[in-house]
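**Q** sequence first, predicted coordinates after that:
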Amino acid sequence: MKYETSIFHTFETMGEKFVYASGSAAICGLDETASGLLERFSSADGMEVGSWGSDDERTSFEELVSFGLLRPVGEATTPGADPLQMPFPLATLVLNVSSRCNLSCTYCYEYGEDKLSDLRGSATMASDTAKRSIDMFFEESGGRPELSITFFGGETLLGIDTIRDATEYALEKAAREQRVIGFSLTTNATLLDDEVIEFLTKYRFGINVSIDGAKADHDRHRTFASGKGSHAEIVPMIKSLLERNRPHGRPIGARVTLTSGSSPVAEIYHHLVNEIGFDSVGFAPVTSAPGRDYELADVGMSKLLTEFEALAEDYVQAALRNERHAFSNLHDLLAELHQGANKAHPCGAGLGLLAVGTDGDISPCHRFVGSDEHSLGNLDDGVDSEKRQSFLDSVHISKKIDCHDCFAKPHCSGGCYHEAHVRYGDASQPNLHYCDWIRAWTDLGLRSYGRIAVSNPDYLRVFENGSSRRPEHAIAPGTASQEEEQV
């Protein structure tokens with residue numbers, strides 16, 4: 001029988017060679033015997049398995065096959081999109097409790113040039129709509145013991161009354177059904193006050209604050225309608241939130257949108273972690289159609305990768321000292337690598353997650369709320385399982401031919417559906433404009449992982465979740481402090 005190599009990526013760190021097997025998402029050390037076999041079977045038409053020069057060579061061959069690095073010629077490289085059993089049980093509900101915002105951020109995908117929604121309907125989700133959404137969520141969750149609700153906007157805290165009611169209702173419902181539920185939200189922090197902070201910390205909300213760095217960076221794009229920047233107004237309340245949350249709460253993260261002209265990533269990170277005190281920082285290149293003033297473009301993305309590499313070095317050095325580091329982009333990638341993530345879909349949108357808009361329309365995720373083209377039903381008629389299944393089938397990695405020979409596909413899986421729609425007018429298309437960057441970023445993650453694995457392998461235990469341990473961001477029904485978790 002002829003064998004050939006599957007899709008793989010080799011990298012070297014600390015003088016040791018490794019290989020990443022795209023098909024199985026395995027990371028393996030490479031000795032000379034294994035390296036030679038990979039080279040031998042990399043011919044265009046594959047090679048027949050002949051006699052072995054030694055027992056070590058036979059053993060290496062069998063190991064390479066078991067890790068998916070060698071396969072019989074003609075064997076499929078990407079699993080087919082088997083129809084999902086509907087209704088697929090939900091794990092997360094996103095409630096867009098506000099369809100309006102009190103800021104006028106230039107790059108906003110919801111209200112800026114790339115919007116999909118016409119902002120029709122209610123400005124704020126009624127409490128009854130939120131409760132009906134939660135009823136739908138529990139019914140569509142298939143009895144999952146651990147659930148999560150994320151509140152979103154617009155500016156999420158414009159719907160604080162609905163958030164309060166929904167939180168209490170969900171906890172009472174979870175208590176009756178003996179389930180555990182957690183809550184999270186994203187906010188621009190302009191509406192934080194002592195009362196809101198008390199509520200969020202009491203119920204151990206996971207919180208992401210949208211902030212783009214120090215005043216100059218932040219106020220370039222994140223302004224009120226008057227043009228006034230929001231940095232000076234939000235920082236005092238963010239510090240109050242961090243101080244009151246830290247003793248018993250979950251980590252609070254900063255979400256940074258990176259645009260053309262942003263300060264170096266390390267400077268932004270230093271301001272947010274060392275000057276303000278955030279527990280984690282995640283950086284997101286701006287999502288936009290080509291030609292926007294704030295678009296990063298190729299030069300900006302190349303510069304960003306260089307800056308990420310410098311911050312990754314800081315992360316690795318901290319890991320070698322057994323210290324935590326707040327660079328969440330790398331932390332999350334290392335977790336996926338360690339856990340062998342191999343995604344058929346890039347995220348949970350439409351799969352384990354659905355979003356509900358202010359008027360009860362159901363969408364794959366918060367970015368598609370208000371888009372008729374991407375509607376998956378409404379609260380009156382329920383989730384349209386056929387449309388949901390059709391959407392998931394159309395965006396499965398097996399349908400993205402351009403992705404099939406890419407070693408980074410287990411993590412990217414084609415990229416964000418919303419960005420694909422903005423760029424190509426079709427949510428099912430892969431984000432080809434980011435391919436080189438994603439491959440380089442994944443390579444950086446692999447090299448960082450290899451260095452930690454060689455020099456301080458015990459650190460990698462931070463990425464291991466025991467099956468009986470719940471995530472720290474959920475709370476048991478009827479309590480506000482018990483450390484529980486949701487997958």
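**A** Cool, got the structure.
**Q** H9 bridge partners, please.
**A** Beta bridges link H9 to Y20, judged by DSSP bridges.
**Q** what about it, how many neighbours?
**A** H9 has 17 neighbours, counted by other CB atoms under 10 Å. Heads up, the C-betas are built off the backbone N, CA and C, glycines and all.
**Q** what sits against it?
**A** V19, Y20, S22, F407, A408, T442, D443, L446 (CB atoms under 8 Å, 6 or more residues apart in numbering).
**Q** from the residues you listed, which land in strands?
**A** Applying DSSP state E to these, the entries found in strands are V19, Y20.
**Q** let's have the contacts of H9 in a markdown table, adding neighbour count, distance to Q339 and pLDDT.
**A** Formatted as a markdown table, these follow (neighbours: other CB atoms under 10 Å; distance: CB to CB, whole Å; pLDDT from 0 to 100):
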| residue | neighbour count | distance to Q339 | pLDDT |
| --- | --- | --- | --- |
| V19 | 22 | 18 | 97 |
| Y20 | 26 | 14 | 97 |
| S22 | 23 | 16 | 94 |
| F407 | 20 | 18 | 96 |
| A408 | 22 | 16 | 97 |
| T442 | 23 | 15 | 97 |
| D443 | 17 | 19 | 97 |
| L446 | 23 | 14 | 98 |
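**Q** so where does S42 fall, helix or strand?
**A** In this structure, S42 sits in neither a helix nor a strand according to DSSP states H and E.
**Q** quick one: it and I134, what's the gap?
**A** Distance, S42 to I134, using CB to CB, to the nearest Å: 53 Å.
**Q** looking at the two, which has the bigger crowd around it?
**A** Neighbour count, other CB under 10 Å: between S42 and I134, I134 has more, with 22 against 13.
**Q** I'd assumed D165 was in contact with that one.
**A** No. Look at I134 against D165 with CB atoms under 8 Å: they stay out of range, at 10.1 Å.
**Q** show me what contacts D361?
**A** Contacts of D361 by CB under 8 Å, 6+ apart are G121, V369, G370, S375, G377, N378.
**Q** report how many residues lie close to A310.
**A** 12.
**Q** what helix or strand does it sit in?
**A** Here A310 sits within helix 297-320, counting by DSSP H and E.
**Q** with E12 instead?
**A** strand 8-13.
**Q** quick check: domain ranges of this structure?
**A** 2-72, 89-487 (automatic domain parsing).
**Q** out of those domains, deepest packed?
**A** Highest mean neighbour count of these: domain 89-487, a mean of 18 (counted as mean count of other CB atoms under 10 Å).
**Q** in this structure N102 contacts L191, no?
**A** Yes. Applying CB under 8 Å, one finds N102 in contact with L191, separated by 7.4 Å.
**Q** give me the common contacts of the two.
**A** E155, L158.
**Q** average model confidence for the strand holding E12?
**A** For strand 8-13, the mean pLDDT works out to 95.
**Q** now do stretch 24-35
**A** pLDDT averaged over stretch 24-35 gives 94.
**Q** neighbouring contacts of the helix holding A310?
**A** Looking at what lies outside helix 297-320 - CB under 8 Å, 6+ apart - the contacts are 258, 260, 264-266, 269, 283, 285, 296, 324-325, 327, 329-331, 434, 437, 440-441, 444-445, 448, 451-452, 455-456, 459.
**Q** what's the answer for stretch 222-229, then?
**A** Stretch 222-229 is contacted from outside by 102-105, 188, 210-212, 215, 218-219, 230-231, using CB under 8 Å, 6+ apart.
**Q** cool, stretch 154-161 as well?
**A** By CB under 8 Å, 6+ apart, the residues outside stretch 154-161 that reach it are 96-103, 110, 123-125, 127, 151, 153, 163, 185-188, 190-192, 196, 199.
**Q** now with 7 Å?
**A** 97-103, 124-125, 153, 185-188, 190-191, 196 (CB atoms under 7 Å, 6 or more residues apart in numbering).
**Q** list the contacts for the nearest residue to G153 once chain neighbours are set aside?
**A** In this structure, G153 finds its nearest non-sequential neighbour in S98, 4.1 Å apart by CB to CB, 6 or more residues apart in numbering. Contacts for S98 (CB under 7 Å, 6+ apart) come out as A123, T124, G153, G154, E155, T156, L158, G159.
**Q** so for S98, what's the pLDDT?
**A** Turning to S98, the model gives it a pLDDT of 95.
**Q** distance of it relative to I207?
**A** 16 Å.
**Q** and if you look at D402?
**A** Counting by CB to CB, the gap from D402 to I207 is 37 Å.
**Q** and R244, by the same measure?
**A** For R244, the distance to I207 (CB to CB) stands at 12 Å.
**Q** got it, and E32?
**A** For E32, the distance to I207 - CB to CB - is 51 Å.
**Q** for this structure, which spans come out with low pLDDT?
**A** 77-83, 109-121, 287-291, 293-294, 296, 298-299, 466-487 (pLDDT under 70).
**Q** rerun at 80
**A** By pLDDT under 80, the low-scoring segments of the chain are 51, 76-87, 109-121, 287-300, 465-487.
**Q** helix/strand/coil for the spatially most central residue of it?
**A** Centre of the chain computed as the mean C-alpha position; nearest residue by CA atoms, centre = their mean is C347, 6.6 Å away. Secondary structure, DSSP: H, G, I helix; E, B strand; the rest coil: C347 is coil.
**Q** for the stretch 101-250 of the chain, what spans make up the strands?
**A** For the stretch 101-250 of the chain, the strands defined by DSSP state E, counting those that start in this stretch cover 146-152, 180-187, 206-210.
**Q** quick one: work out the angle between the helix holding A310 and strand 8-13.
**A** Inter-element angle recorded for helix 297-320 and strand 8-13: 60 degrees (by axes from the mean of the first three to the mean of the last three CA atoms, to 10 degrees).
**Q** what helices or strands is whatever helix or strand comes next after helix 297-320 leaning on?
**A** Next helix or strand after helix 297-320 toward the C-terminus (DSSP H and E): helix 328-339. Helix 328-339 is packed against strand 280-285, helix 435-455, with contacts defined by 3 or more CB pairs under 7 Å, 6 or more residues apart in numbering; DSSP states H and E.
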